[in-house]
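**Q** pasting the sequence and the predicted model now:
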Amino acid sequence: MTEAAPPPGSPWADAVLAAALMAVDPVGTGGVSLRASHGPVRTRWLALLRGLLPEGAPWRKMPLNIADGRLLGGLDLAATLAAGRPVTERGLLAEAEGGAVLLAMAERAPAGLAGRLAAALDATPLALIALDEGAADDERTPASLLERLAFHVQLDWVGAREPEGEAPGVETIGAARARLPGVQAGDAVLAALCGTAAALGVASVRGPLLALRVACAAAALAGRDEVTEDDAALACRLVLAPRATVLPVAEPPPDAQEGSPPPPDPQTDQPPDQQPDPPPPDADPGDAPQAEPSQPESSKPDDPAGQGALEDILLDAARAAIPAGLLAQLQSGAVRGPARSPAGVSGAAQAGRRGRPAGIRPGDPRGPERLNLIETLRAAAPWQRLRGGGPRLQIRRDDFRVTRTVQRAETTTIFVVDASGSSAFNRLAEAKGAVELLLADCYVRRDRVAVVAFRGKAAELLLPPTRSLVRAKRSLAGLPGGGGTPLAAGIDAGFLLADAVRRRGGTPNLVLMTDGRGNVAQDGRGGRERAQADAMQAARQVRLARVAALLVDTSPRPGPAGQRLAVEMAARYVPLPYANAAMLSEVVAMAARSGRPQAT
């Protein structure tokens, strides 16, 4: 008898089960994304996994700032200069073949390192353990790596004193590893896994493939030679559920479906659209077509071997594994895929002489990037014998290597507030609260806030970009309301400020709070038709400049005016007739995390 894996039911039990399945097939599963802060829980899980891996399997730790030569292998500069001939060294990935590599602080991995690791996972027999220590929801391991890792384990909510639970022994894992090549999966399981992935919004084909490998590993761990429904359901719960981007909706009963056929005729006991046509007058009554007997649901050709029932079982297993908070986000459409690089957290990446090193490349040291002397010598060393320079080192233009650096641009959120009309005081109160809530996070988010107000015939800069909460309150306190709505002037003023922020190297986000109904044209004259045309022209300018924008419709009854303006600006449209400060701040933060907003 083989020892069974710990039963699911708690986060730690699922983490132990993921470690056991990864140990059965470390290369096939690709590895694991372990989201947990440094502490005893993560240390205990890593020790458990290392003890279950094959004996003697390499176990290498990779720092985030590893050089390409150490990662991929290359020329050993010291040995080359000492020997007078090219001497190569093995890279860390080559040393880890057949084992595992631990990537520290995977949530901060640059795109270049993530791409090289993704290529190595596709071509090299090794597993990657991405240690994700991100504190915020938008700090995630790069999507190119998450796509190739079967397991996404969360240990943040596991207490340090939680019982460990029993894991399969080393002998059980070894027997399952030997049985794995003979495990088979039927066509119904393959089709159900693919259908479940499609229902959960898993666009990549790697999702169902990894789920299949995990299902085979689960069958081998249980001592079976064929994948069963329980194995497939476990794979959906551990592999497909964390990748879900949409919430599958159960189909309504047949009697509730729209457009259902009319009830059958009581005389023929068949629906009208399925009754046989009456025979012609001169035909023999015996030649009338006979009704074919109905087939049972399980034997229909479009549902071979009960594939639909199996897919429903796998969907239920995946639904049970999705956290309750994520279900609410999926139902509201807030989660639409892997998190992209958030502009509202630390700004967009920019290259220059200052910032964090981001790789080495050939280049001219007279440019904006600095010369890397060590890499330049490394590139010139193999050619010295051919260049015939004798004891003097010959360095040519092609040998120059420069260091690429990346720094984060500062983010500025610009509020453009409609201060006209009798209800302006309520909107200004919302703007004040939202600005204060955003300024409270400025020290963490490293962004600034500015406020532009428009009323009467013009717009004015009420608050220049600042992090000072006291200055923001003082500037907002004395703003009067009332008068006309110079919507075009307000949009132009916000765009000019956004353009100035971008010219200084920052990242602007534009938040327009208005009902979208302007009645003062660009030149200060009245006229609703001309004012709307000027506002649309100003909105097109924002869209062509690709400034991230969010339009908050503050009208008591949101209408098409605000929606048309949002479409023209390529801005996300949020109707909030009774918005409060906390809700508005949450919407702005969500729009910043999701990248460039789109009109909806």
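**A** Now that the structure is in, tell me what you want to look at. Numbers count the residues shown, from 1 in each chain.
**Q** contact partners for the residue lying closest to Ser555 once chain neighbours are set aside?
**A** Once flanking residues are discounted, Ser555 sits nearest to Asp515: 3.6 Å by C-beta to C-beta, 6 or more residues apart in numbering. Any C-beta I mention is one placed from the backbone N, CA and C, and that applies to glycine too. Under the criterion of C-beta atoms under 8 Å, 6 or more residues apart in numbering, the neighbours of Asp515 are 418, 553-555, 558, 561-562.
**Q** report the two of these separated the most.
**A** Of all pairs drawn from the contacts of Asp515, the one with the longest distance (C-beta to C-beta) is Asp418 and Pro558, at 13.7 Å.
**Q** which of the two has more residues huddled nearby?
**A** More crowded of Asp418 and Pro558, by other C-beta atoms under 10 Å: Asp418, with 29 against 17.
**Q** show me what contacts that one?
**A** Residues in contact with Asp418, defined by C-beta under 8 Å, 6+ apart, are 424, 427, 454-455, 485, 487, 490, 513-515, 554.
**Q** what bridges to it?
**A** Taking DSSP bridges, one finds Phe454 as the beta-bridge partners of Asp418.
**Q** name the element Arg530 belongs to?
**A** Element membership for Arg530 (DSSP states H and E) is helix 528-544.
**Q** Thr403 too?
**A** Secondary structure here is read from DSSP H and E; on that basis Thr403 sits in strand 401-408.
**Q** how about Ser475?
**A** Secondary structure assigned from DSSP H and E places Ser475 in helix 469-477.
**Q** looking at the contacts of Asp515, which are in helices?
**A** Taking DSSP state H as the definition of helices, the contacts of Asp515 contribute 561-562.
**Q** can you list the contacts of Asp515 in a markdown table and add pLDDT and distance to Gly174?
**A** Compiled in a markdown table, those are given as follows (pLDDT from 0 to 100; distance: C-beta to C-beta, whole Å):
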| residue | pLDDT | distance to Gly174 |
| --- | --- | --- |
| Asp418 | 83 | 70 |
| Asp553 | 80 | 63 |
| Thr554 | 75 | 66 |
| Ser555 | 75 | 68 |
| Pro558 | 73 | 64 |
| Ala561 | 85 | 69 |
| Gly562 | 85 | 65 |
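**Q** ok, and the most crowded of the contacts of Asp515?
**A** Looking at those with neighbours defined as other C-beta under 10 Å, the largest count falls to Asp418 at 29 neighbours.
**Q** separation between that residue and Leu510?
**A** Counting by C-beta to C-beta, to the nearest Å, the gap from Asp418 to Leu510 is 14 Å.
**Q** do Pro63 as well
**A** 39 Å.
**Q** pick out whichever of these two has more residues nearby.
**A** Relative neighbour count places Leu510 above the other of Pro63 and Leu510, with 27 against 13, counting by other C-beta under 10 Å.
**Q** mind listing the strands for the stretch 51-200 of the chain?
**A** Listed in chain order, the strands of the stretch 51-200 of the chain (DSSP state E, counting those that start in this stretch) span 59-62, 74-75, 88-89, 100-103, 127-132, 151-154.
**Q** which of those sits closest to Val542?
**A** In terms of C-beta to C-beta, the element of the strands of the stretch 51-200 of the chain nearest to Val542 is strand 127-132, at 35.7 Å.
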